[in-house]
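**Student:** What shape does this take:
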Amino acid sequence: MCGRYYINDETAKEIEKLIRQIDDALLASCKERDVYPSAKAPVILAGSDQSDQLTAGEFTWGFPSYSNKGVIFNARSETALEKKTFRESVKQRRCIIPATGFYEWSEQKDKYFFRAPDRHVLLFAGFYRHYEDGDRFVILTTQANPSTSSVHPRMPLILSPQEVQTWLFDDNATDFLLHKRPAPLEKELKGQLSLFD
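**Tutor:** Numbering: from 1, shown residues only. Below is the predicted model:
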């Protein structure tokens, strides 16, 4: 599961590198902060003109839940195409969620921060849907790799920069990418969960 991630100016630089331009509003949304479910955050998606151009927007993290309690903010990559709630979005509205890193908590409530060893921005695979209150996205998760499995059994599905175009534009590669294993990450202990965390 991924229930919180971190963005900063490096996230904005990565978006700008991928889409070649970034407007001031989106740049402002990349201020240094933790992102929680139900918060707005930057996403990268295919442009609307059917070319290989990328665009970016600020969407809300999480689909409304059917029970009206909270939001659905993660989907298992292994079963997303089988689930009625996600199938159409995964097939037609894929996106990338850039993050500097993400947090997971161990069973002992220790808080860990995961990031790329080279400090590059992580590119989470996701999908989105339009609702009355705006566009909303979900982050795909996969089985944890050895660098994260000691803390949590799931992790975000992380794509390489070379896989971004394929994820967004190549419908035939979707199933393959849904089953990839992310590269190893660096882990840093950030403390224990508290009431104020």
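**Student:** got any ranges where this structure has weak pLDDT?
**Tutor:** By pLDDT under 70, the weakly predicted segments of the chain are 21-22, 49-50, 192-197.
**Student:** quick one, longest helix in it?
**Tutor:** For the chain, the helix with the greatest residue count under DSSP state H is helix 9-19.
**Student:** which helices and strands does that helix pack with?
**Tutor:** Helices and strands touching helix 9-19, by 3 or more C-beta pairs under 8 Å, 6 or more residues apart in numbering; DSSP states H and E, are helix 24-29, strand 40-46, strand 54-61, strand 94-99. Using the backbone N, CA and C atoms, a C-beta is placed for each residue, glycine as well.
**Student:** of these, which approaches Lys187 most closely?
**Tutor:** strand 94-99 (15.2 Å; C-beta to C-beta).
**Student:** Past the closest one, which element shows up next along the chain?
**Tutor:** Using DSSP states H and E, the helix or strand that directly follows strand 94-99 along the chain is strand 101-105.
**Student:** What lies in contact with that next one?
**Tutor:** If you take C-beta atoms under 8 Å, 6 or more residues apart in numbering as the criterion, strand 101-105 is touched by 1-6, 34, 111-116, 122, 148, 151-152, 155-156, 190, 193.
**Student:** next one: the longest helix of the chain to chain centre, how far?
**Tutor:** Here helix 9-19 shows a centroid-to-chain-centroid distance of 15 Å under the convention C-alpha atoms, centre = their mean, to the nearest Å.
**Student:** that older thread, tell me the most buried of the helices and strands packed on helix 9-19?
**Tutor:** Burial of these is given as mean neighbour count (mean count of other C-beta atoms under 10 Å); strand 94-99 ranks first at a mean of 25.
**Student:** Partner strands of that strand and their direction?
**Tutor:** strand 40-46 (antiparallel), strand 122-131 (antiparallel) (DSSP bridges).
**Student:** returning to that earlier point: just checking, which of the contacts of strand 101-105 belong to strands?
**Tutor:** 5-6, 34, 111-115, 122, 155-156, 190 (DSSP state E).
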